[in-house]
Each structure stands twice: as structure tokens, then as C-alpha cells.
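**Q** Build me a structure from this.
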Amino acid sequence: MFKANVGTTDRALRIFVGLLLVLLSVLNVIGPWGWAGLIVVATGVLRYCGLYGVLGLSSCSLPDNNSPNTP
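**A** Reported below is the predicted structural model:
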């Protein structure tokens, strides 16, 4: 499986914006390209963005080095 690279805030925004795009497309406000919002929702739900992976980016929090679970 892929390593998560979409953080909590990024995830919430992706799901919200993606669902908004789909809704606007269903209501015929923005046209069929709004169905691309399904891809945005999927990246939020799966917590993985392929473009982030290719670019080596991540919006996940950095691990706390003072945590007792850190080796």
C-alpha cells in the first residue's frame, strides 16, 4: 500500500471541495468537468495523492522526535 502523504487539514479540504465540485456538476452549474471532483475526494479518503508522491511532497505532520514510541 502507499504511504499516506495527505494530512488532516488537507484531507478535509479535499473531501469538501471535491464533493462541492460534484454537487455543482450534478446541478449543471459548472458542467461535466466537475466530476473530476471524484478524484479529489478519492485522494482525501485514501490519504494519498499521486502528484505529491511524484514531487516528494507531504502535508502530513512531522513525527515528534520526543515521543516515547520513536526508536
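
**Q** going forward, measure contacts and count neighbours with C-alpha atoms only.
**A** Will do.

**Q** and the longest helix along the chain, what does it pack onto?
**A** When the chain is parsed with DSSP state H, its longest helix is helix 8-26. Using 3 or more CA pairs under 8 Å, 6 or more residues apart in numbering; DSSP states H and E, the elements in contact with helix 8-26 are helix 37-46.

**Q** just to revisit the earlier point, list the buried residues in the longest helix of the chain.
**A** Within helix 8-26, the residues scored as buried using 16 or more other CA atoms under 10 Å are 10-11, 14-15, 18-25.

**Q** now the end-to-end length of stretch 35-53.
**A** Using CA to CA, to the nearest Å, the end-to-end distance of stretch 35-53 comes out at 23 Å.

**Q** sorry, that was for stretch 17-34
**A** 10 Å.

**Q** I'd like to know the average pLDDT value across that stretch.
**A** Mean per-residue pLDDT for stretch 17-34: 96.

**Q** tell me how far it is from the chain's mean position?
**A** Centre-to-centre, stretch 17-34 and its host chain are 17 Å apart (CA atoms, centre = their mean, to the nearest Å).
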